[in-house]
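> Just need the structure, nothing else, for what follows:
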Amino acid sequence: KSGIVFLVEPDGHLIASSTHELPFRQMDNCTPQMVGCQGQFQRILATASQQPVIQAASQYLTSTNWQQGETTQEWEFQANEQIYFAVVQSYQDQYGLHWGIVTAIPESDFMERIDRHTRTNISLTLVAVMVAAVVGTVIANLIAEPILALNRITAAIASGNVNQSLTEEFPLTELARLGRSFNLMAQQLRSAVGQLRENLQKSEANLEDIINRTIASIIRLKVFANGDWEIDFLSTGCQIVFGYSRSEFLADKSIWMARIVPEDVENVIRPVFADVFAEKTQFLEYRFFHKNGDLRWISARLTSQYDAAANCWWVNQLAVDITERKQAEIALQASEARYRAIVEDQTELIIRYQLDGTLTFVNDAFCRYFGISREEFVGHHYGSLILSEEQQKVASIINSMSRENPVVEVENRVIAARGEIRWTQWVN
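Numbering: from 1, shown residues only. This is a model prediction of the structure:
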C-alpha cells in the first residue's frame with residue numbers, strides 16, 4: 001500500500017522512483033565561476049533524495065555488491081518511524097543497461113492482515129475460554145465438595161492423625177467407589193503405622209541398650225559458626241570414660257573443656273573446629289582429668305555434617321580411654337631410648353641388617369670406624385665395605401645361619417676410614 005520502488009545506477013544516481021520526486025533538479029543557485037549553469041538540470045544521488053525511505057535504503061546499498069550482479073540481497077531499516085523491509089536486484093541487458101531495482105515495503109503493510117487475524121483468534125479464544133470456564137464451574141461444583149472432603153482427610157492423615165474415614169454416600173458412582181477404597185486404605189494404614197511404631201520402639205530400646213553398654217562415650221554435638229556448641233546426646237559410657245554422668249554434662253557443658261589439659265586445648269581441640277566446618281573426619285588424642293583426679297588419655301573420632309536448616313554442624317564423637325595403651329607406649333619408648341643409649345655407648349661395631357644384606361642400623365662407633373655418616377650406611381648393602389676377594393666367603397658363612405646354627409663368627413678384611421685395610425671379627 002505504501003511501499004516504494006526505485007531504480008538506481010551503480011554510481012548511486014537515481015533513475016526513477018514510484019514517488020512524485022524527479023530524479024534530477026534544476027540548478028538555480030549558481031556561482032560566478034559556474035559559467036552557463038543557470039537553468040541547467042542536474043541528476044541527483046539516491047542518498048540525497050528528499051524521500052526519507054529512498055535515502056535510508058540507498059545508504060545501505062553502498063555496502064553491498066549488487067553492482068557485480070550478485071544474487072538478490074535483503075535487509076531492513078527504519079525510516080519515517082517505521083521498520084521497512086527492502087530487497088535489491090541487479091538488472092542488466094545486452095544494450096548495456098545496468099540498474100539496481102530496489103523495493104522497500106513497510107512492515108505494517110504485510111503485518112496488517114496477520115494482526116487482524118491475530119485479534120480475531122484472540123477474541124475467539126477468549127470466548128471459548130469463558131464458555132469453558134462456565135461449563136467447568138458447573139461440572140466442578142458437582143464433584144468439588146467430595147474432593148475437598150477427601151483433601152481435608154488426606155491432610156489430616158499426612159499430619160499424623162490416621163484415625164480418619166470418608167463417607168461413601170456420593171452423588172457419583174465413581175466417587176462412592178473412591179470413598180470405599182480410601183476407607184480401606186486408611187484402615188490398612190492405621191494397622192501398618194501401629195506396627196511400625198511398635199517395631200520402632202523396640203529398635204530404639206535395643207539401640208539405646210547397645211550404646212549404653214559400650215565402654216566408649218558416644219556424643220552428638222551441635223557446633224555453630226561462632227565456635228559455640230551444645231550437647232544433643234550423651235551415652236552412659238561417658239561416666240566410664242570421663243567420670244562424669246550424663247546429667248552432669250548436660251547441666252554444665254563447660255566441664256568437658258575445663259578438665260582437658262590446657263596445652264591440649266590449644267594444640268588439639270581448638271584446631272579441630274576448622275576440620276569440623278570442612279566436614280572432615282578427625283582422629284585426635286588428648287589428656288583429660290578424670291573426676292577422680294587421674295590424668296587419662298582419651299582417643300576420639302569425630303565426623304561432622306552441615307545442616308542448612310538448623311544453620312549448624314552436627315558432630316558425632318566416639319571417645320575411648322586409651323590410658324593403659326599410652327602408658328605402655330611411653331614405657332616402650334623409654335626402654336628403646338635406654339637400649340639405644342647402651343648400643344651407642346659401645347666401642348664395638350654394632351650393626352643390624354636384613355636377610356638380603358641391607359643395613360637397617362649402625363652405631364656411632366661403626367660410623368667413626370669407617371668414616372661415613374649413618375645416613376650413608378642405612379639402606380645400603382654391607383658388602384661394599386668388605387674386600388672383593390672375601391665377599392663370597394663372608395656371604396657363604398652368613399647364609400649358613402639357621403635355627404640349628406643361629407650364631408656364626410666371621411673374620412675378614414674391610415676397607416676402614418681413609419682407605420685402610422683392616423682385619424675385623426664379627427659375631428652374627
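> all helices for this protein, in order.
In the chain, the helices defined using DSSP state H lie at 52-61, 107-158, 173-213, 238-242, 246-251, 254-258, 262-264, 270-277, 323-345, 364-370, 374-377, 388-399.
> For the longest one, what does the pLDDT average out to?
In other words, helix 107-158. Regarding helix 107-158, the rounded mean pLDDT is 77.
> The shortest one now?
The average pLDDT for helix 262-264 rounds to 91.
> List the buried residues of that helix.
D264 (16 or more other CB atoms under 10 Å). In short, each C-beta sits where N, CA and C put it, glycine included.
> now that helix: how far from the chain's centre is it?
36 Å (CA atoms, centre = their mean, to the nearest Å).
> Need the residues that contact it.
Y286, R287 (CB atoms under 8 Å, 6 or more residues apart in numbering).
> which stretch among the helices of the chain comes nearest E420?
With CB to CB, the closest approach to E420 among these belongs to helix 364-370: 10.0 Å.
> Show me what the closest one is packed up against.
helix 374-377 (3 or more CB pairs under 8 Å, 6 or more residues apart in numbering; DSSP states H and E).
> Nearest to F288, out of the helices of the chain?
helix 238-242 (6.4 Å).
> before we move on, back to that, may I see the helices of the chain organised as JSON lines, with distance to E411 added?
JSON lines is the format used below for these (distance: least, CB to CB, whole Å):
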{"stretch": "helix 52-61", "distance to E411": "108"}
{"stretch": "helix 107-158", "distance to E411": "93"}
{"stretch": "helix 173-213", "distance to E411": "65"}
{"stretch": "helix 238-242", "distance to E411": "60"}
{"stretch": "helix 246-251", "distance to E411": "70"}
{"stretch": "helix 254-258", "distance to E411": "65"}
{"stretch": "helix 262-264", "distance to E411": "55"}
{"stretch": "helix 270-277", "distance to E411": "58"}
{"stretch": "helix 323-345", "distance to E411": "23"}
{"stretch": "helix 364-370", "distance to E411": "16"}
{"stretch": "helix 374-377", "distance to E411": "21"}
{"stretch": "helix 388-399", "distance to E411": "9"}
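> for these, which one sits closest to I415?
Here helix 364-370 is closest among the helices of the chain (CB to CB), at 7.8 Å.
> Could you pull out the buried residues of that closest one?
Buried-residue list, helix 364-370, by 16+ other CB under 10 Å: A365, F366, C367, Y369, F370.
> got it, and stretch 229-241?
Buried, per 16+ other CB under 10 Å, within stretch 229-241: W229, L234, S235, G237, C238, Q239, V241.
> which of those sit farthest apart?
Every pair of those checked by CB to CB; the farthest is W229 and Q239, at 20.4 Å.
> returning to what we had before: which one of the buried residues of helix 364-370 sits closest to S58?
C367 (99.4 Å).
> Tell me the pLDDT of Q94.
pLDDT, Q94: 80.
> In contact with it, which residues?
So Q94 contacts nothing (CB under 8 Å, 6+ apart).
> Just give me the closest of the buried residues of helix 364-370 to T358.
Distances from T358 to the buried residues of helix 364-370, taken by CB to CB, are shortest for F366, at 15.1 Å.
> what's the closest non-adjacent residue to that closest one?
Nearest non-adjacent residue to F366, counting by CB to CB, 6 or more residues apart in numbering: L349, 4.4 Å away.
> Ok, T47 next?
Of all residues not flanking T47 in the chain, S58 sits nearest, at 4.6 Å (CB to CB, 6+ apart).
> now swap in E74 and tell me
Nearest non-adjacent residue to E74 (CB to CB, 6+ apart): V87, at 4.8 Å.
> pLDDT wise, what is R413 at?
90.
> R422 is in contact with that one, correct?
Yes. Here R413 reaches R422: they are 6.7 Å apart, a contact under CB atoms under 8 Å.
> Compare these two (neighbour count), which wins?
Shown here are R413 and R422; by other CB atoms under 10 Å, R413 has more neighbours (15 against 12).
> Distance of that one relative to T424?
Distance of R413 to T424, given as CB to CB, to the nearest Å: 7 Å.
> again, but for I4
From I4 to T424 the distance is 117 Å (CB to CB).
> For the one residue sitting closest to the centre of the chain, give its distance to K222.
By CA atoms, centre = their mean, the chain has its centre lying nearest to A278, at 13.5 Å. As judged by CB to CB, A278 and K222 stand 17 Å apart.
> Just list the residues touching K291, thanks.
Here K291 is in contact with F242, G243, Y244 (criterion: CB under 8 Å, 6+ apart).
> thinking again about what came up before, can you pull the contacts of the residue nearest to T47?
Counted by CB under 8 Å, 6+ apart, S58 has contacts V8, G12, L45, A46, T47, S49, V102.
> What pLDDT is listed against the third one?
Right, the one you point to is L45. The predicted local confidence for L45 is 84.
> How about it: what's its closest non-neighbour residue?
Excluding its sequence neighbours, the residue lying closest to L45 (CB to CB, 6+ apart) is G12, at 4.9 Å.
> if I look at that neighbour, how far off is N65?
Taking CB to CB as the measure, G12 falls 14 Å from N65.
> re the thing from before, and of the buried residues of stretch 229-241, the nearest to A310?
W229 (12.8 Å).
> what's the spacing between the closest one and E266?
Taken as CB to CB, the span from W229 to E266 is 17 Å.
> what's the distance between A328 and C238?
24 Å.
> Burial check on the closest residue to L302 other than its chain neighbours, number of neighbours?
The shortest distance from L302 to any non-neighbouring residue, by CB to CB, 6+ apart, is to Q282 (4.5 Å). Q282 has 18 neighbours, counted by other CB under 10 Å.
> got it, and A319?
Counted with other CB under 10 Å, A319 comes out at 23.
> Please apply the same query to T125.
If you count neighbours by other CB under 10 Å, T125 ends up with 10.
> most neighbours, which of the contacts of K291?
F242 (24 neighbours).
> So that one versus A251, what's the distance?
14 Å.
> quick one: contacts for the residue nearest to F366?
L349 touches V362, N363, A365, F366, Y369, T424, W426, counting by CB under 8 Å, 6+ apart.
> Ramachandran angles for it?
phi -80, psi 120 (degrees, to the nearest 10).
> Now H290: closest residue in space that isn't a chain neighbour?
Spatial nearest neighbour of H290, chain neighbours left out: G243 (4.3 Å); criterion: CB to CB, 6+ apart.
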